Structure formats: structure tokens, C-alpha cells
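> Build me a model:
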Amino acid sequence: MAWLLVVVAGLLETGFAVCLKLSHGFTRLWPTVAFCVFALGSFGLLTLSLKKLDVGPAYAVWTGIGAAGTAIYGMIFLGDLVSTLKIVSISFVIMGVIGLQLSGSAQ
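This is a model prediction of the structure:
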């Protein structure tokens, strides 16, 4: 269950990163509000998961999901550059997240 919280927290991290861009420096109300909701949810779930998990693997998985998710979202919806190197690099991040999850505690 703790790992599920980390995964959801990582997805929420993607949401707050995207909303941060869409807020244009916190000058747009609704993306700023969404940023706050996603950020609080993400940090809250990560905090709960750290009661059961080691901080290193949990934090790495959280940031990896957030980074990969944000990059993928940007390429699909925000017009970010798509390149073979970027896709391969995101794949390595995802493989690292999976490896860390498998090597972490079984809680």
C-alpha cells in the first residue's frame, strides 16, 4: 500500500509541475490553485508513505515518476521537443523507477 501512495504522489507531482508552467509565474488563478492542490496531495501522500518505506528509494521513485510523467505530458500536450534521445532517456528513468521499487522493502 505504501508503494501505491508513492506512485499516486508521483502522478500528482506531474500535475503540479504542469500546473506550475500553466500558471505563468502564479499570475493565472486556476492553474495556481490546481498547482497548490496537486502539490499538497503529492507531498501529503509521500509523507504518509515514508512512515513505512525507506526515504531513498521512495523519494527516487516519486521524483522519477514526476520527471518522466512531466516530460511525456509536455511532449504530448505542450509541444515540447520530441527526440529519440529524450524518449530513450525517459525509458531509462522509468526502468530505474521500476528497479528501485523492486529492490526496496516489500511493504
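> Below-threshold pLDDT in the chain: ranges please.
Under the criterion pLDDT under 70, the flagged ranges of the chain are 104-107.
> Excluding chain neighbours, what is closest to the spatially most central residue of it?
Taking Cα atoms, centre = their mean, the centroid of the chain lies closest to residue 66, which sits 1.7 Å from it. Distances taken as Cβ to Cβ, 6 or more residues apart in numbering put residue 13 closest to residue 66, at 3.1 Å, once the chain neighbours are dropped. Just so you know, the C-beta spots here come from the backbone N, C-alpha and C atoms, and that holds for glycine as well.
> Tell me, how many residues neighbour that neighbour?
25 (other Cβ atoms under 10 Å).
> just residue 61 next, same as before
Around residue 61 there are 25 residues (other Cβ under 10 Å).
> In the helix or strand that contains it, which residues are buried?
For residue 61, the element it lies in under DSSP states H and E is helix 55-77. For helix 55-77, a neighbour-count test (16 or more other Cβ atoms under 10 Å) marks 57-62, 64-75 as buried.
> Please name the nearest non-neighbouring residue to residue 62.
residue 10 (4.9 Å).
> Can you tell me the SS state at the one you found?
Classification of residue 10 by DSSP: H, G, I helix; E, B strand; the rest coil places it in helix.
> The helix or strand harbouring residue 7 vs helix 55-77, what angle?
Element membership of residue 7, judged by DSSP H and E, is helix 2-22. Computed by axes from the mean of the first three to the mean of the last three Cα atoms, to 10 degrees, the angle separating helix 2-22 from helix 55-77 equals 40 degrees.
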